[in-house]
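1. Predicted model follows, preceded by the sequence.
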Amino acid sequence: MWHVKVPASSANLGSGLDTLGMALPLWFECWFTPAQSLTIELQGEGRDQAPQDERNLIWQAAQALYQAKTGESMPPGRLVVSSQIPLRRGLGSSGAAVVAGLLLANACLGESVPVEELLQWAASLEGHADNAAAALYGGLVLVSQRDERVMAIKYTAPELSVVLVIPAYEVPTDMARALLPARVPRADAVFNAQRVGLWVDALWRRNWELLRTAGEDRLHQPYRSRVIPALDHLLNTALDAGASLATLSGSGPTVLALAPPDHAPTVVQALEHALRALPELDACVRVVVPSNDGAYALRDSRTVPDEVTGNV
């Protein structure tokens, strides 16, 4: 039996649209045992929403890689999936599923595909590389693309608490991307480029005081705020309470704040107070730390647990 484990991820981190990503310890796991036919069993988040047949994104990713390398179909088996990552909330659920499928296929191939090539596959199947790179490598990643080649640089993630405001409603990624304009003012492009530079300096010198400015954005959050109620209010609430950075997580609707551990309780209290004043916004607040561990696959001789994880 193969056991695959993949972290959630938060992309963009303010200014780094399609450039920055960070792994989070909400886990997407699957167990695969060869069998005569394919069966897929889902637990945890998304268990009532994702397909339980060949259309499942994990299986599609596995099939794509395996068939490309062998010319044959992925061998069937029992696939048990358990996820802590809410779907369509800006926490990298689809990226995690793609990475899980690729690692599963690579395991069946004898792990012959290097991680750099897996990143190319993940970026191609997912459509963008920031979530996929963070899920594969862990930590905080800076991604870039030249022609068709994706590159990723991994940094140790900030030594900060991550406060997540996870709404109950969903925002599909394709809808959130459709809100972005095809062209932006030069001043806005320069504004974000300058702040990505500050992000790199903050990571290099571990100077988290820079993040308040480094996280500022003009390229995606102002447009996505149209479909995310109270976004600006929640961002300002977190910053006023002592967060080093507050941002939309990926394409949303989750709001993410980075805060020094001793300030995190105050940030949580302020956000919970803000949510109580917004009864129409059903959301939960959760505190984690960044994960420097990326995805992995390993052989596991144990039986598949009956119920692996709970919901967020």
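-> Nice, thanks for sending it over.
2. which helices and strands does the strand ranked longest in the chain pack with?
-> Longest strand of the chain, by residue count under DSSP state E: strand 20-34. Counting contacts by 3 or more C-beta pairs under 8 Å, 6 or more residues apart in numbering; DSSP states H and E, strand 20-34 packs against strand 2-11, strand 77-83, helix 93-108, helix 130-137, strand 140-146, strand 283-288. (Glycine included, C-beta is placed from N, CA and C.)
3. Let me know which of these is tucked in deepest.
-> Between those, helix 130-137 has the highest mean count of neighbours, a mean of 31, where neighbours are mean count of other C-beta atoms under 10 Å.
4. circling back to that earlier point, for the helices and strands packed on strand 20-34, which one sits closest to residue 179?
-> Residue 179 sits nearest to strand 2-11 of all these, at 15.6 Å, using C-beta to C-beta.
5. State the paired neighbours of that closest one in the sheet, together with their directions.
-> Strand pairing for strand 2-11, determined by DSSP bridges: strand 20-34 (antiparallel), strand 296-299 (antiparallel).
6. what about it, distance to the chain center?
-> Relative to its chain's centre, strand 2-11 lies at 8 Å (C-alpha atoms, centre = their mean, to the nearest Å).
7. Give the buried residues for stretch 14-25.
-> By neighbour count with 16 or more other C-beta atoms under 10 Å, stretch 14-25 contains the buried residues 14, 15, 16, 17, 18, 19, 20, 21, 22, 23, 24.
8. Show the contacting residues for the fourth one.
-> Residue 17 makes contact with 192, 217, 219, 220 under the criterion C-beta atoms under 8 Å, 6 or more residues apart in numbering.
9. hmm, try it at 6 Å
-> By C-beta atoms under 6 Å, 6 or more residues apart in numbering, the residues touching residue 17 are 219, 220.
10. do the same with residue 131
-> 9, 11, 21, 92, 95.
11. So which of the helices and strands packed on strand 20-34 is nearest residue 44?
-> Closest among the helices and strands packed on strand 20-34, once you apply C-beta to C-beta, is strand 77-83, at 4.5 Å.
12. picking up where we left off before, and the strands paired with strand 2-11, which one is worst for confidence?
-> Lowest mean pLDDT within the strands paired with strand 2-11: strand 296-299, a mean of 91.
13. on that earlier part again, nearest to residue 107, out of the strands paired with strand 2-11?
-> Nearest to residue 107 among those is strand 296-299 (4.4 Å), distances taken as C-beta to C-beta.
14. List the contacts of that closest one.
-> 2, 3, 4, 5, 103, 107.
15. Also stretch 64-76?
-> Contacts for stretch 64-76 (C-beta under 6 Å, 6+ apart): 34, 37, 38, 62, 63, 102, 105, 109, 121.
16. List the buried residues in that stretch.
-> Neighbour-count burial for stretch 64-76 [16+ other C-beta under 10 Å]: 64, 65, 66, 74.
17. what does stretch 145-159 give?
-> 150, 152, 154, 155, 157, 158.
18. can you list these in a markdown table and add distance to residue 53, secondary structure and pLDDT?
-> Below are these laid out as a markdown table (distance: C-beta to C-beta, whole Å; DSSP: H, G, I helix; E, B strand; the rest coil; pLDDT from 0 to 100):
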| residue | distance to residue 53 | secondary structure | pLDDT |
| --- | --- | --- | --- |
| 150 | 30 | strand | 95 |
| 152 | 32 | strand | 96 |
| 154 | 35 | strand | 97 |
| 155 | 39 | strand | 97 |
| 157 | 36 | coil | 96 |
| 158 | 40 | coil | 96 |
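19. does residue 286 have beta-bridge partners, and which?
-> residue 164.
20. ok, it touching residue 162?
-> No: counting by C-beta atoms under 6 Å, residue 286 does not reach residue 162; the two are 8.6 Å apart.
21. Show residues contacting the helix or strand of the chain with the lowest mean pLDDT.
-> Sorting the helices and strands of the chain by mean pLDDT, DSSP states H and E puts helix 173-178 at the bottom, at a mean of 88. The contact list for helix 173-178, computed with C-beta under 6 Å, 6+ apart, reads 224, 251.
22. helix or strand right after that helix?
-> Scanning forward in sequence from helix 173-178 by DSSP states H and E, the next helix or strand is helix 186-205.
23. Find the nearest non-adjacent residue to the residue in the chain sticking out farthest from the centre, please.
-> Ranked by distance from the centre of the chain (C-alpha atoms, centre = their mean), the top residue is residue 36, with 33.3 Å. Using C-beta to C-beta, 6 or more residues apart in numbering and skipping residues adjacent in sequence, the residue nearest residue 36 is residue 76, 6.7 Å away.
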